[in-house]
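Enquirer: sequence first, then the predicted structure, then my questions.
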Amino acid sequence: MSRMVIRKVFTYLDHNCRYAFYTDGIMTKLPNREGMDVNFGYVNEEYSELHPFQVSQGGPA
């Protein structure tokens, strides 16, 4: 699929639907002191409202 087609899909969803979005398990290079790839999860505001969960913070090991 081209970027234009993907953009059209999300534009349609944005204008015609109310949806929740959740993704988990994306490995990415977020800056961290260990220099490791981290597992990153994302939820949009709609998903957060439908399925609230407690957010925790890490601290020094």
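Expert: It's in. Numbering: from 1, shown residues only.

Enquirer: point out where this protein drops to low pLDDT.
Expert: Counting by pLDDT under 70, the chain has low-confidence residues at 21, 25, 55-56, 58-61.

Enquirer: mind listing what the residue most central in space within the chain touches?
Expert: Geometric centre of the chain, nearest residue: Y42, 2.0 Å, by C-alpha atoms, centre = their mean. Contact analysis of Y42 by C-beta atoms under 8 Å, 6 or more residues apart in numbering lists 21-24, 26. To be clear about C-beta, it is placed using only N, CA and C from the backbone, and glycine gets the same treatment.

Enquirer: for T28, grab phi and psi.
Expert: Main-chain dihedrals, T28, degrees, to the nearest 10: phi -140, psi 170.

Enquirer: quick one: stretch 10-28 to chain centroid distance?
Expert: 8 Å (C-alpha atoms, centre = their mean, to the nearest Å).

Enquirer: how about stretch 4-20?
Expert: Here stretch 4-20 is found 16 Å from its chain centre; the criterion is C-alpha atoms, centre = their mean.

Enquirer: next: stretch 37-57.
Expert: 7 Å.

Enquirer: show me which of the contacts of Y42 is closest to P52.
Expert: Y22 (12.7 Å; C-beta to C-beta).

Enquirer: tell me what the closest one is bridged to.
Expert: V43 (DSSP bridges).

Enquirer: contacting residues around it?
Expert: 41-44, 47, 51.

Enquirer: biggest separation within the residues you listed, which pair?
Expert: Y42 and H51 (13.3 Å).

Enquirer: in this protein, which spans are strands?
Expert: In the chain, the segments counted as strands under DSSP state E are 22-28, 38-43.

Enquirer: next, the contact list for the nearest residue to L30 once chain neighbours are set aside, please.
Expert: Residue nearest to L30 in three dimensions, not counting chain neighbours: V38, with 5.0 Å by C-beta to C-beta, 6 or more residues apart in numbering. Residues counted as contacts of V38 (C-beta under 8 Å, 6+ apart) are 27-30, 32.

Enquirer: in CSV: these, plus distance to R3 and neighbour count.
Expert: Putting the contacts of V38 into CSV (distance: C-beta to C-beta, whole Å; neighbours: other C-beta atoms under 10 Å) gives the following:
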residue, distance to R3, neighbour count
M27, 22, 10
T28, 20, 8
K29, 23, 10
L30, 24, 10
N32, 30, 9
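
Enquirer: good, we can wrap up now.
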